[in-house]
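Visitor: no letters, just coordinates:
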């Protein structure tokens, strides 16, 4: 159902010359889809941020009141040229996000329009740097994480899936996809039952989840270990955020080439599309509002974890 879109996006991004405009061209035949591209330059180069809006039949962009759903393709870069030739493993998040948008656009053209708006964001950089990380090297990015969040975490998003390659670790020993607990306003909440149901339905396997720690939901740059950037969108929004990890049984570096598996990416796309359908129609919740209200009543705000910490705030 989504392999065609996944392969199309893979072929488009697997190029030393690809830009955000090439991705925008994929949507040229869908007149109702709004795609914007913005080039941003950082200390280590430049990248093209992409925002794709698929309007819903009762979406807020059309004056309706259905929830707006966000899909973020999180990565450092799709390539590490000239040190690595070809598409790197880290590109999987961008591929999955763009392929999700492409599938939703095609569905809409064929008469299957979601109730609410879906906003998809990611960035395209074929020549990003790398940086050391244990147990394997990470992809770096031309721009810092605050800039990524600025362009990728859109205020209109009322719930967010953050898709990221998560293979450079020893805590997820599963090839395919896995989801995280929900993160909201500094709290790590329980895994959503609705998401578990959809995950099992779309993969045809028992649901796989992965552990996250308090460090993982704090901002980059605080000298704490992070599994990767999959949950960095959670520091920039009060909306619930769930990480969708594209995973491997072995430890694979983000800068590794020949390590992207089409069917695993397609699993992430299928999951994201089905969650978008249900989240915008109100049949899928990423968290329990009653439980969240109760935990804040008992223990107060944890929004400090969305900042650089007490020492930073005292400067």
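Guide: Received it, and whenever you're ready, just let me know what you need. Since the structure is predicted, the reported quantities are computational estimates derived from the model, not experimental observations.
Visitor: any chance you could map the strands in the chain?
Guide: Shown for the chain, the strands assigned by DSSP state E span residues 34-42, 45-54, 69-73, 118-124, 130-131, 138-139, 159-165, 176-179, 183-184, 187-188, 241-247.
Visitor: nearest to residue 14 among those would be which one?
Guide: Among those, strand 118-124 comes nearest to residue 14, with 11.8 Å by Cβ to Cβ. Bear in mind the C-beta positions are built from the backbone N, C-alpha and C, glycine included.
Visitor: where's the closest residue to residue 66 other than its chain neighbours relative to residue 157, distance?
Guide: Distances taken as Cβ to Cβ, 6 or more residues apart in numbering put residue 116 closest to residue 66, at 3.4 Å, once the chain neighbours are dropped. Residue 116 sits 11 Å away from residue 157, going by Cβ to Cβ, to the nearest Å.
Visitor: same check on residue 148?
Guide: For residue 148, the distance to residue 157 equals 14 Å [Cβ to Cβ].
Visitor: again, but for residue 302
Guide: Residue 302 is 20 Å from residue 157, by Cβ to Cβ.
Visitor: and what of residue 187?
Guide: Taking Cβ to Cβ, one finds residue 187 at 18 Å from residue 157.
Visitor: compare the two (neighbour count), which wins?
Guide: Using other Cβ atoms under 10 Å as the criterion, residue 187 and residue 157 rank with residue 157 on top: 24 against 21.
Visitor: contact partners for that one?
Guide: By Cβ atoms under 8 Å, 6 or more residues apart in numbering, the contact list for residue 157 reads 68, 69, 70, 119, 237, 239.
Visitor: what's the answer for residue 142, then?
Guide: 40, 41, 42, 43, 44, 45, 46, 47, 77, 125, 128, 129.
Visitor: one more: residue 158?
Guide: Each residue near residue 158 by Cβ under 8 Å, 6+ apart is listed here: 67, 68, 69, 70, 239.
Visitor: likewise residue 104?
Guide: With contacts defined as Cβ under 8 Å, 6+ apart, residue 104 is in contact with 54, 114, 118, 120, 273, 276.
Visitor: ok, so of the residues you listed, who is nearest residue 232?
Guide: Nearest to residue 232 among the contacts of residue 104: residue 120, at 17.0 Å, using Cβ to Cβ.
Visitor: any idea how far the closest one lies from residue 44?
Guide: To residue 44, residue 120 is 25 Å away according to Cβ to Cβ.
Visitor: again with residue 224
Guide: As judged by Cβ to Cβ, residue 224 and residue 44 stand 22 Å apart.
Visitor: alright, I will stop here.
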